[in-house]
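Novice: sequence first, predicted coordinates after that:
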Amino acid sequence: MTDAEETAETYDPSRYERPSVTVDVVIFTLIDRELHVLLVRRKRWPYEGYWAIPGGFVQMHESLEDAARRELEEETGVRDIYIEQLYTFGDPNRDPRTRVISVAYFALVRADRQRLRVSEESIDVRWFPVRAAPSPLAFDHDRILAMALVRLRSKLEYTTLAFELLPEVFSILELKHIYEQIFGEKLDKGNFYRKIKDAGVLEETGLLREGRGRPTRLYRFRRDRGDGQFVFRWREARIDAGESHERDLSSS
């Protein structure tokens, strides 16, 4: 029988080998003002004892996103979050068990809104500072983590994703610190303030926070603005290391 003669009644799925499909979910958060990633420690072969990005096999009846949400909750307890597809990883040798194609997702969440738990398939689940994450990770998860970090930084230029980590009211300094932690470098205070205010995503609350110095003005995020017109060219707000050093010397 030729392919041209094949019909729904005569199609034989066993004619083609089937790779397995998994999902992996990279979860970022800020803890103690530092960017962290959520990892699980594997209980069984392959990569027994290695830290890995949470994930697992897709079942025949579920969508990729449903599988990602299910695996994330089963393995870590993290639930009810917005996840976004990152990339598909399909190196033929990426998994020693069989041919496995993995679709990766990522998200930025508030850690204080999630209660972690260990699944039967792992021996630990923990937040790690991104700069001090265990290495190597299981499978090709070092590559997945690196790509997720690049995507996260990129999205901060054209979305308001960073606001997800803030309380209802906040200072611009707190917002600046979130950007600095995710970008991994210091931003110029004046440029940052001007660009964020020009973006029109903040609303003054009229509230002030008392401290050791002058009271700090507090803002809230204008959710009616959305991401449609938000552009933050953070590279224009970065501090040149040499320039910063010269400033420090001149002001000392």
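Specialist: Cool, the structure landed.

Novice: send the alpha carbons of the lengthiest helix in the chain over as PDB?
Specialist: When the chain is scanned for its longest helix (criterion: DSSP state H), the result is helix 141-155. Provided in PDB are the C-alpha atoms of helix 141-155 (Å, rounded to 0.1, in the frame of the first residue of the first chain):
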ATOM      1  CA  HIS A 141      19.200  21.300  31.900                       C
ATOM      2  CA  ASP A 142      22.200  23.600  32.100                       C
ATOM      3  CA  ARG A 143      21.400  24.600  28.500                       C
ATOM      4  CA  ILE A 144      17.700  25.000  29.300                       C
ATOM      5  CA  LEU A 145      18.400  27.200  32.300                       C
ATOM      6  CA  ALA A 146      20.800  29.400  30.300                       C
ATOM      7  CA  MET A 147      18.300  29.900  27.600                       C
ATOM      8  CA  ALA A 148      15.500  30.700  30.100                       C
ATOM      9  CA  LEU A 149      17.700  33.300  31.700                       C
ATOM     10  CA  VAL A 150      18.400  35.000  28.400                       C
ATOM     11  CA  ARG A 151      14.600  35.000  27.500                       C
ATOM     12  CA  LEU A 152      13.700  36.400  30.900                       C
ATOM     13  CA  ARG A 153      16.100  39.300  30.600                       C
ATOM     14  CA  SER A 154      14.900  39.900  27.000                       C
ATOM     15  CA  LYS A 155      11.200  40.000  28.100                       C
END
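
Novice: can you list the buried residues in it?
Specialist: Going by neighbour count (16 or more other C-beta atoms under 10 Å), the buried part of helix 141-155 is H141, I144, L145, M147, A148, L149, L152, K155. No exception for glycine: its C-beta is placed from N, CA and C like everyone else's.

Novice: show me what whichever helix or strand comes after it is packed against.
Specialist: Using DSSP states H and E, the next helix or strand after helix 141-155 towards the C-terminus is helix 172-183. In terms of contacts (3 or more C-beta pairs under 8 Å, 6 or more residues apart in numbering; DSSP states H and E), helix 172-183 is packed against strand 20-31, strand 34-42, helix 141-155, helix 189-198, strand 216-221.
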